[in-house]
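K.L.:
have a look at this prediction, sequence included:
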Amino acid sequence: MTIGRVNAAKFIARLLPEPHETDLGGEPAHHLLATAHADIVCPPSGHQIGWSDCYASADILPLTHKADLLLEPDGTPRPLPDHLTGEARERAL
């Protein structure tokens, strides 16, 4: 008997156990990282997936996974794309 695919996202807690969630910045940090991710992957020229969907897909992740979206596998920051300017660039930095 085959078992259908299961969306693992519902089994990953968005909030880390305390005191870690508070120590890492709580809800403002969630918003900042999800916004920076959406800004990076959705250039002003357009993208197949809308900005709000990119934001939502990042926002469901725990803080540590959100941070991984902005880092290279070795832990160094990913280079920022040229389309980021002004406030969006400051957020990503």
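P.N.:
Yep, that arrived.
K.L.:
count the residues that sit near residue 44.
P.N.:
Applying other Cβ atoms under 10 Å, we find 11 residues neighbouring residue 44. Placement of C-beta: from N, CA and C, glycine included.
K.L.:
and the residue nearest to it when sequence neighbours are not counted, how far from residue 92?
P.N.:
Nearest residue to residue 44, sequence neighbours excluded (Cβ to Cβ, 6 or more residues apart in numbering): residue 83, at 6.0 Å. Distance, residue 83 to residue 92, by Cβ to Cβ, to the nearest Å: 11 Å.
K.L.:
those two: which has the busier surroundings?
P.N.:
Using other Cβ under 10 Å as the criterion, residue 83 and residue 92 rank with residue 92 on top: 19 against 13.
K.L.:
show the pLDDT at the more buried one.
P.N.:
Here, the pLDDT recorded for residue 92 equals 86.
K.L.:
how near is it to residue 71?
P.N.:
Applying Cβ to Cβ, the value for residue 92 to residue 71 is 12 Å.
K.L.:
and what of residue 82?
P.N.:
Distance from residue 82 to residue 71, counting by Cβ to Cβ: 19 Å.
K.L.:
of the two, who's got more company?
P.N.:
Remark: of residue 82 and residue 71, residue 71 carries more neighbours, 11 against 8, as counted by other Cβ under 10 Å.
K.L.:
list the contacts of that one.
P.N.:
Residue 71 sits next to 77, 78 when contact means Cβ atoms under 8 Å, 6 or more residues apart in numbering.
K.L.:
same check on the one 10 residues further on?
P.N.:
Shown in contact with residue 81 (Cβ under 8 Å, 6+ apart): 40, 43.
K.L.:
below-threshold pLDDT in the protein: ranges please.
P.N.:
Across the chain, residues meeting the criterion (pLDDT under 70) sit at 1-12, 15-17, 20.
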